[in-house]
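Engineer: Let's see this in three dimensions:
(chains A and B)
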Amino acid sequence: MGKTLATKVWESHVVRAAQGEPDLLYIDLHMLHELNTPVAFDQLRASGRTVRRPDLTLGTEDHNTPTQDIRKRIEDHAARHQVDLMRANCAEFGIEHYRLGEDQQGIVHIIGPELGLAQPGMTIVCCDSHTTTQGAFGALAFGIGTSQVEHVLATQTLPLHPLKNMRVHVDGVLPAGVSAKDLILALISRIGTAGGQGHIIEYTGPAIEALSMEARMTVCNMTVEAGSRAGMIAPDETTFDYLRGRPHAPTGADWDTEVAYWRTLRSDPDALFDKEVRFDGSALTPFVSWGTNPAQSTGLDGTVPDPDCFATEEERVAARRALAYMDLTPGTALRDIPVDAVFIGSCTNSRIEDLRAAAEVLRGRRVKDGVEAVLVPGSETVRNQAIEEGLDRVFEEAGMQLRHAGCSMCAAVNEDRLRAGQRAASTNNRNYEGRQGKGSRTHIVSPAVAAATAVAGRLAAPADLEG
Amino acid sequence: MRPFTVHTGTAAPLRRSNVDTDQIIPVRFLTRSTIAGYGENLFNDWRDDPDFVLNDPRHSAATILVAGTDFGTGSSRESAVWALTGWGFRAVIAPRYGDIFRGNAIENGLLPVIAPQACVEALWDLVDAQPDTPVTVDLEQCEVRAQGIHQPFEVDPDDRTRLLQGLDNIALTLAHAADITAYEQRRRPALPTTRRPGEGAVR
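Structural biologist: Next comes the predicted model:
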């Protein structure tokens, strides 16, 4: 019987398999950021261990770093301490580290691909659930906890139980004005926040194949929001074109050898999946979340749902609670919901294509008075590219602030956060209670919808601004 | 790892599903750099509500949390587990968990018991009516016991062994160091390292 892409990558990383025990998997790339790692280094030192492969480990600073005045000392003492610890720990163990203010610094899931470190067939882990992003390259990439960070630091391996295989097949072509963000929100609203649990999702089909690498990263990024540990897309010419010439991509004869191997990384035609979902991408429309988890989303053309319409009591209770938190009334047209703020950024949507999509909408327009519009690129490289392309002027003329790279208002662990009761349209991956600051209300949207919303002052698609 | 064998305590009924890790420990408390202290901020924002279950003095000493399905979805933050253990919880009982959360819990000796919704609801009703009812989570017998409730549960045998004995996972792996070295020798040579391009040595 044939094998799935995920199984092929898994099997090629088994260091040791034994009956009744999890497989011991080798990890090709371990990325670290300042927020969830200090304890791992402390425990490592306390047990007299060291980092086995600093050359396969990379550190950066992204979660609690400032995005406005990056030369200024970080005011929050605890946050500053974490950044200092990150630097000291990386220095002590010889780990390469991209720090605030450097040209390559940025969100961990943005810089891995950008540097060419995320390659097909690799195993990639990081102390962050959105590591799934890097599955867009046909890598097995997933988030881990701090204990596992310590385990990987010490051994470069992880003991893991094999996961099941799930295929999400998307037919058709996404209509104009519909993005990868809408696709993944539509999927999550359909299968639920646990729909992919215990599975590695492989995305296939013409609508997926037609996506750019950056759009594929958006899809894989939110795979964890469907409960799945990892999402993958088989590498193809789009993948190879993206990787060619990147700082860490193979060169010369190595390039040819690797590409020949990468081409074998596809699910066999007769591979069996434990679970399968199919839908038609050409029927999709812009999506927006109305509740407090990403599955509580619907088409922008729709209305705030009536909790009584849900099938189970559990869903009804959750919807009532979400609407109370979001201060929304059933039946309200989503386009009638005004916002106080717009945030474009996060590891889901802070790549250059996202900035271009926002700029296209904002060009020649103005952010509505009273709306705070913030754009935070995923890396300094993205920021510099946006400036080179003149997008900074578009944002400035529109009244949208272009800041420095970081997680910013998606994690809201630095100074960028909403006040209680404020409502935002955000390109975030999460809309949990308090996600963007205590008491904040988040509507997850695509970059184009975020930009149109900034102009309209209420939830809107770019097409709404015309005429 | 702190061993887990048999634990008897009182239980708190958290009648909510989809409790994400941002609720268990809001992100703004993640700037601590040690395990200690997270318990103070467990469910911080929900504790503003006087009716929140952990504000109820009858449940304030509970060591078992009984929650709705999909507990611990979301972020990979292990501090969500440290907040629960820091508060004093030894086990959670819920129908389903976020995958990363469940792994993190086991690493810290917090037992995530998977129980059917009907059992969860029976426990909610029981401890609502009688908050001081003893509830036993028995990993040796793989069973939850409380007045009128005998609920067997499944747990991965390897996780069970590690929990019962409090084994150090890293030590277990390091016993296979030779296998790791052998694997490293057969890795494809063109795989990337993280050294900055053009700079062979550590800066």
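Engineer: Give me the neighbour count for the closest residue to residue A:196 other than its chain neighbours.
Structural biologist: Counting by CB to CB, 6 or more residues apart in numbering or on different chains, residue A:196 lies nearest to residue A:228, which is 3.0 Å off, once chain neighbours are set aside. No exception for glycine: its C-beta is placed from N, CA and C like everyone else's. Residue A:228: 28 surrounding residues under other CB atoms under 10 Å in any protein chain shown.
Engineer: now do residue B:85
Structural biologist: Going by other CB under 10 Å, the residues that sit close to residue B:85 add up to 18.
Engineer: Let me see the contact set for it.
Structural biologist: B:39, B:108-110 (CB atoms under 8 Å, 6 or more residues apart in numbering or on different chains).
Engineer: Ok, residue A:461 next?
Structural biologist: Contacts for residue A:461 (CB under 8 Å, 6+ apart) come out as A:177, A:286, A:300, A:448-449, A:452.
Engineer: Might one say that residue B:3 is in contact with residue B:168?
Structural biologist: No. Contact status for residue B:3 versus residue B:168: not in contact, 11.3 Å apart, counting by CB atoms under 8 Å.
Engineer: For the closest residue to chain B within the stretch 351-467 of chain A, which residues are in contact?
Structural biologist: Shortest the stretch 351-467 of chain A-to-chain B distance, computed as CB to the nearest CB: residue-wise this is residue A:432, at 4.3 Å. With contact set as CB under 8 Å, 6+ apart, residue A:432 has these partners: A:292-293, A:442, B:20, B:22-23, B:74.
Engineer: ok, now with 7 Å
Structural biologist: Contact partners of residue A:432, counting by CB atoms under 7 Å, 6 or more residues apart in numbering or on different chains, are A:292-293, B:20, B:22-23, B:74.
Engineer: One more: residue A:259?
Structural biologist: Going by CB under 7 Å, 6+ apart, residue A:259 touches residue A:240.
Engineer: could you pull out the helices for the stretch 1-150 of chain A?
Structural biologist: A:5-11, A:38-46, A:77-93, A:108-114, A:146-155 (DSSP state H, counting those that start in this stretch).
Engineer: list the buried ones in the first one?
Structural biologist: For helix A:5-11, the buried set under the neighbour-count rule, 16 or more other CB atoms under 10 Å in any protein chain shown, comprises A:5-10.
Engineer: and the nearest residue to residue A:376 once chain neighbours are set aside, what does it touch?
Structural biologist: What sits nearest to residue A:376 in space, not counting adjacent residues and going by CB to CB, 6+ apart, is residue A:345, at 3.4 Å. Counting by CB under 7 Å, 6+ apart, residue A:345 touches A:375-376, A:408-410, A:427.
Engineer: From those, keep the buried residues only.
Structural biologist: Of the members of these, the ones counted as buried by neighbours, 16+ other CB under 10 Å, are A:375-376, A:408-410, A:427.
Engineer: what about residue A:165, neighbour count?
Structural biologist: Neighbourhood size, residue A:165 [other CB under 10 Å]: 23.
Engineer: Assign it to helix, strand or coil.
Structural biologist: At residue A:165 the chain is in strand, as set by DSSP: H, G, I helix; E, B strand; the rest coil.
Engineer: show me what contacts it?
Structural biologist: Going by CB under 7 Å, 6+ apart, residue A:165 touches A:4, A:6-7, A:199-200, A:202, A:273-274.
Engineer: ok, back up a step: now the contacts of residue A:461 in JSON lines, with distance to residue A:232, neighbour count and pLDDT?
Structural biologist: Listed next are the contacts of residue A:461 as JSON lines, based on distance: CB to CB, whole Å; neighbours: other CB atoms under 10 Å in any protein chain shown; pLDDT from 0 to 100:
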{"residue": "A:177", "distance to residue A:232": "27", "neighbour count": "16", "pLDDT": "94"}
{"residue": "A:286", "distance to residue A:232": "26", "neighbour count": "27", "pLDDT": "98"}
{"residue": "A:300", "distance to residue A:232": "29", "neighbour count": "23", "pLDDT": "98"}
{"residue": "A:448", "distance to residue A:232": "26", "neighbour count": "26", "pLDDT": "98"}
{"residue": "A:449", "distance to residue A:232": "27", "neighbour count": "30", "pLDDT": "98"}
{"residue": "A:452", "distance to residue A:232": "32", "neighbour count": "29", "pLDDT": "98"}
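Engineer: can you tell me which of the residues you listed are in strands?
Structural biologist: Cross-referencing these with the strands (criterion: DSSP state E) gives no overlap at all.
Engineer: For my notes, please list the contacts of residue A:345 in TSV and give secondary structure and pLDDT for each entry.
Structural biologist: What follows is those, written out as TSV (DSSP: H, G, I helix; E, B strand; the rest coil; pLDDT from 0 to 100):
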residue	secondary structure	pLDDT
A:375	strand	98
A:376	coil	98
A:408	helix	94
A:409	helix	95
A:410	helix	94
A:427	coil	98
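Engineer: Can you say which two of these are spatially most distant?
Structural biologist: Taking CB to CB as the measure, the contacts of residue A:345 reach their widest spread between A:375 and A:410, a distance of 12.3 Å.
Engineer: ok so, going back, return the closest of the contacts of residue A:432 with respect to residue B:104.
Structural biologist: Lowest distance from residue B:104 to these (CB to CB) belongs to residue B:74, with 11.8 Å.
Engineer: which one is that closest one nearest to, not counting chain neighbours?
Structural biologist: The spatial neighbour of residue B:74 that comes closest, neighbours along the chain excluded (CB to CB, 6+ apart), is residue B:20 at 3.8 Å.
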